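> prediction below, plus the sequence it came from.
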Protein chains: 2
Amino acid sequence: MTVVKSTIRNGVDTEQLFGTLDLIKAQPELARFQFRASNRWIDGAHNRSTIQGFYAAGGEDASRSEEFQLDAGEPAILLGTDTGANPAEYLLHALAACLTTSIVYVAAARKVQLTSVESTLTGDMDVRGALGVDEDPRNGFERIGVSFRVTGDAPAEKLREVVERGKARSAVYDMVTNGVPIAVEVATD
Amino acid sequence: MTVVKSTIRNGVDTEQLFGTLDLIKAQPELARFQFRASNRWIDGAHNRSTIQGFYAAGGEDASRSEEFQLDAGEPAILLGTDTGANPAEYLLHALAACLTTSIVYVAAARKVQLTSVESTLTGDMDVRGALGVDEDPRNGFERIGVSFRVTGDAPAEKLREVVERGKARSAVYDMVTNGVPIAVEVATD
């Protein structure tokens, strides 16, 4: 009789997860990653990013067979034609997606089987800043609210710990709360 | 003989643009906006945001007839199956899209006809932070590089001013450089 023990939990291969952690502990230089996006203006508020290659674990990763295309836009009240979610909404999506993935991976590592992870995010802004009609309001959101509902085969206290640890390890949560230095170069020919 | 003077420049209706600015100057309370995203975990690194309604100009905006659906994922090396761009890549797209839209709107307001706006963005990260194997590296990007190429019917100096002003007014550039307070709530039933 053979007992097959699955290493998949929450759709995450925990054997691969712990193997990756061990490898990076042993060879920290493999932890250097670079992600990229290329964007092209189409018309008005419509522009499109393409995303495919990235650098990871000591070399250029070529595992993605197709590029992702992401279209941005603005609603009519912000002079667009809804060619896509607007940039600030994409930022909310990036935050929601990162927190959720962190929570799912942490739960997998801690042997918590999740049944659902749902969130709603809100970002409040005074558009006088971004429109340049008043110098006082900042351009971006003054605050972001995130409301999670998480269920699984663990007590509420354990689920809250998983969310807390997921938040503490999320790349986008770190960037949006703490900020990142941005260097902008411009060519005009 | 009728002379029709178009108010459209770079795909932006400049008459509407200046009308919106005048309206918000006169009634600053109309500048309160709230954007939103709802996210649901699907499996592993795969989760999906839906984006549709928002609050703007004194009421709930119902002009969008359809919701946007955005799928996130991770590549194989980060234990996913490429169900979408990853959250950090979405953040790069949000930044590219916002800077580009700001540049296009500023150019329209300043009577600069653009012919192209292209950008490439890079974000460097040491994944030991987000994977929790070392406390030293931060979780997110250490730095973001943005390289713009902008062409149009204006001298290089004028084009550079437009980019500079676009950067100074971009909502996502502000958020990613300066950070935003985030409040996270959790329910477990």
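Received, thanks. Numbers count the residues shown, from 1 in each chain, chains lettered A, B, ... in the order given.
> the closest residue to residue A:8 other than its chain neighbours: neighbour count?
Distances taken as Cβ to Cβ, 6 or more residues apart in numbering or on different chains put residue A:14 closest to residue A:8, at 7.2 Å, once the chain neighbours are dropped. Using the backbone N, CA and C atoms, a C-beta is placed for each residue, glycine as well. Number of residues near residue A:14 (other Cβ atoms under 10 Å in any protein chain shown) recorded here: 18.
> now swap in the one 4 residues further on and tell me
One way to gauge burial is a neighbour count; for residue A:18, by other Cβ under 10 Å, it gives 13.
> distance check, residue A:74 against residue B:63.
Distance from residue A:74 to residue B:63, counting by Cβ to Cβ, to the nearest Å: 11 Å.
> more neighbours, these two?
Higher neighbour count among residue A:74 and residue B:63: residue A:74, with 24 against 11, using other Cβ under 10 Å.
> thought that one was touching residue A:89?
No - assessed by Cβ atoms under 8 Å, residue A:74 is found out of contact with residue A:89, at 9.8 Å.
> after the longest helix along chain A, which helix or strand is next?
As far as residue count goes, and with DSSP state H defining each element, the longest helix of chain A is helix A:87-109. Read in the C-terminal direction, the helix or strand following helix A:87-109 is strand A:114-126, with elements assigned using DSSP states H and E.
> quickly run through the sheet partners of that next one, with directions.
According to DSSP bridges, strand A:114-126 has the following sheet partners: strand A:143-152 (antiparallel), strand B:32-43 (antiparallel).
> using CSV, write out every CA atom in the last one.
What follows is strand B:32-43 as a C-alpha-only set of coordinates in CSV (Å, rounded to 0.1, in the frame of the first residue of the first chain):
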residue,chain,number,x,y,z
ARG,B,32,-14.1,64.5,-3.6
PHE,B,33,-13.6,61.2,-5.4
GLN,B,34,-13.5,57.6,-4.2
PHE,B,35,-12.2,54.7,-6.3
ARG,B,36,-12.7,51.1,-5.4
ALA,B,37,-11.7,47.5,-6.2
SER,B,38,-13.1,44.2,-5.1
ASN,B,39,-10.9,41.2,-5.1
ARG,B,40,-11.5,37.4,-4.8
TRP,B,41,-9.0,34.6,-4.4
ILE,B,42,-9.4,31.9,-7.0
ASP,B,43,-6.6,29.4,-6.4
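> run through who's touching stretch A:57-74.
Stretch A:57-74 is contacted from outside by A:29-30, A:32-33, A:45-55, A:80-87, A:90, B:70, B:75-77, B:82, B:84-85, B:89-90, B:93, B:97, B:100-101, using Cβ atoms under 8 Å, 6 or more residues apart in numbering or on different chains.
> inside helices: which ones of those?
The subset of these that ends up in helices is A:87, A:90, B:89, B:90, B:93, B:97, B:100, B:101, with DSSP H as the criterion.
> most surrounded residue in those?
In terms of neighbours by other Cβ under 10 Å, the ones in helices among the contacts of stretch A:57-74 top out with residue B:97 at 34 neighbours.
> which non-adjacent residue is nearest that residue?
Using Cβ to Cβ, 6+ apart and skipping the chain neighbours, the partner closest in space to residue B:97 is residue A:72 (3.5 Å).
> just residue A:101 next, same as before
The shortest distance from residue A:101 to any residue that is not its chain neighbour, by Cβ to Cβ, 6+ apart, is 5.2 Å, and that residue is residue B:45.
> for that neighbour, grab the count of nearby residues.
Neighbourhood size, residue B:45 [other Cβ under 10 Å]: 27.
> no further questions, thank you.
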